[in-house]
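Asks: Structure for this input, please:
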Amino acid sequence: MTNHSLNYKSALKVQEGIEKPSSVNPNFVRQRTMKKELSVEEYVDGIVAGNRVILSQAITLIESSLTSHFEMAQKIITKCIPIAGKSIRIGITGVPGVGKSTFIEAFGKTLTSQGHKIAVLAIDPSSERSKGSILGDKTRMEELAIDHNAFIRPSPSAGSLGGVARKTRESIILCEAAGFDRIIVETVGVGQSETSVHSMVDFFLLLMLSGAGDELQGIKRGIMEMADTLVINKADGDNIQKANLAKAQYTSALHLFPPSASKWSPQALTCSSYTKAGIDDIVNTIDQYVALTKENGFFENNRMEQAKYTLHESINNSMLELFHSDSTVLSKINTFEKEVVEGKKSPYVVGNELIELFLNNLKNK
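Replies: Sure, this is the predicted structure:
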């Protein structure tokens, strides 16, 4: 190899690079640390003023598992309770695929066009496994998401049913304090979540599908009995006749149920979330229900019963959490479980023994 070839400047030669930057953004840390933490009064003032950023931050405090956030959230809620309670709370449920999101958008747009301010919340205890979130993709409600009279809040679903229900109830209070006069609570799960949503709303709407086999076998009787109105969705195109047939079948079935305490006779309606046909009828039906139940006193009485239910549910959940976090219980429960599994002791006897250990431990503290 010649000297000439050694001195040849190859295009592949690595050139000296520029000096590596010290940080992505030297001001980033400073900006984060300089972020002002709001006081309880500032949160409440912002919520009452309709500041959606502050409302969202307050709901995030409700959803947080940090003790400091929980304490702050409870102070905010306490101050908001006297100015809340003036909305109509509407629960919406139905099996997956019934078109809840599309319906809520059509229903919500109708309400906002009438001058109402609506908040959409969600409850889904079924995703304890995935630790995911509800309505995380707001693109399913594109028009409603950009409506200045609507507020859509995705709710984290990790945790117990009781925990999710508590967060939703408390979020309702904040949304009412922010001036939303129609609160829509959507349940995505099917089962116990319906009971939970029913215990926090004024009107319970059950969305149904037609043409899916035997209409009256497609839903549990208990859920139908809770519903104030059944709505057969997707009543458009070739499905209109099937929807009307399903409506007639459900109307007949509803007459077999015992009278409700509200003195309201549940109805079966049809609608199309795409053509908007029947949506106005649903809005009018809810207005009629509210007028009737306010006149006969059921509306207010139901709110009071729900408050008592929430109190007792809170006590039960707190006691359960206290029991399962007790050091004595934690140290003994595996041994006790083994005795039950091996058939050495009755689960009822073991349960009582664990409770006695728990109570004795509390006395000694």
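
Asks: okay, CA-based contacts and neighbour counts for the rest of this
Replies: Fine.

Asks: Just the buried residues of whichever helix or strand residue 301 is part of, please?
Replies: Using DSSP states H and E, residue 301 maps to helix 298-324. The neighbour-count check on helix 298-324 (16 or more other Cα atoms under 10 Å) flags 298, 299, 302, 303, 306, 310, 317, 323 as buried.

Asks: Quick check: mean pLDDT of it?
Replies: In this model, helix 298-324 carries a mean pLDDT of 92.

Asks: Listing request: residues of this structure with sub-threshold pLDDT.
Replies: 1-35, 124-139, 155-164, 188-193, 211-221 (pLDDT under 70).

Asks: just so I have it, where are all the strands in it?
Replies: Using DSSP state E, the strands of the chain run over 88-93, 118-123, 150-152, 182-187, 203-208, 229-232, 267-270.

Asks: Which one, of these, ends up nearest to residue 359?
Replies: Residue 359 sits nearest to strand 118-123 of all these, at 33.7 Å, using Cα to Cα.

Asks: Can you show me the CA trace of that closest one as PDB?
Replies: These are the backbone C-alpha positions of strand 118-123, laid out as PDB (Å, rounded to 0.1, in the frame of the first residue of the first chain):
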ATOM      1  CA  ILE A 118     -73.800  18.000  29.800                       C
ATOM      2  CA  ALA A 119     -71.000  16.000  31.400                       C
ATOM      3  CA  VAL A 120     -70.400  12.400  30.400                       C
ATOM      4  CA  LEU A 121     -68.800  10.200  33.000                       C
ATOM      5  CA  ALA A 122     -68.100   6.400  32.900                       C
ATOM      6  CA  ILE A 123     -68.000   3.500  35.200                       C
END
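
Asks: what about it, distance to the chain center?
Replies: What separates the centre of strand 118-123 from the centre of its chain is 6 Å, taken as Cα atoms, centre = their mean, to the nearest Å.

Asks: Give me the residues contacting stretch 74-82.
Replies: With Cα atoms under 8 Å, 6 or more residues apart in numbering as the test, stretch 74-82 has contacts from 40, 41, 43, 44, 58, 62, 170, 173, 174, 177.

Asks: Select only the buried ones of those residues in PyMOL?
Replies: Filtering the contacts of stretch 74-82 down to the buried ones (16+ other Cα under 10 Å) takes a single PyMOL command:
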select buried, resi 40+43+44+58+62+170+173+174+177
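
Asks: out of the contacts of stretch 74-82, what pair is the most spread apart?
Replies: Going by Cα to Cα, the pair spanning the contacts of stretch 74-82 furthest: 41 and 170, at 17.3 Å.

Asks: Give me the buried positions along stretch 321-339.
Replies: Neighbour-count burial for stretch 321-339 [16+ other Cα under 10 Å]: 323, 328, 329, 336.

Asks: Same check on stretch 103-110?
Replies: Quick answer for stretch 103-110 (16+ other Cα under 10 Å): 103, 104, 105, 106, 107, 108, 109, 110.

Asks: Just put the residues you listed in TSV and tack on distance to residue 81.
Replies: Output for these, formatted as TSV (distance: Cα to Cα, whole Å):
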residue	distance to residue 81
103	30
104	26
105	28
106	30
107	27
108	25
109	27
110	28
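
Asks: So which of these belong to helices?
Replies: Secondary structure from DSSP state H places 103, 104, 105, 106, 107, 108, 109, 110 of these in helices.

Asks: Pick the one among those closest to residue 362.
Replies: Within those, the smallest distance to residue 362 is 48.2 Å, found for residue 104 (Cα to Cα).

Asks: Out of the ones in helices among the buried residues of stretch 103-110, which is nearest to residue 280?
Replies: Closest approach to residue 280 among those (Cα to Cα): residue 110, at 7.4 Å.

Asks: Number of residues surrounding residue 294?
Replies: As a burial measure, residue 294 scores 14 neighbours (other Cα atoms under 10 Å).

Asks: Please apply the same query to residue 252.
Replies: 13.

Asks: cool, residue 122 as well?
Replies: Residue 122, neighbours per other Cα under 10 Å, totals 26.

Asks: where's it relative to residue 79, distance?
Replies: Distance, residue 122 to residue 79, using Cα to Cα, to the nearest Å: 24 Å.

Asks: Check residue 54 too.
Replies: 15 Å.

Asks: So the two - more neighbours on which side?
Replies: Between residue 54 and residue 79, residue 54 has the larger neighbour count (other Cα under 10 Å), namely 19 against 15.

Asks: show me the contacts for residue 186.
Replies: Contacts of residue 186 by Cα under 8 Å, 6+ apart are 91, 92, 93, 100, 120, 121, 122, 123.

Asks: Touching, the last one and residue 169? I think so.
Replies: No - contact criterion Cα atoms under 8 Å: residue 123 and residue 169 do not qualify, at 10.0 Å.
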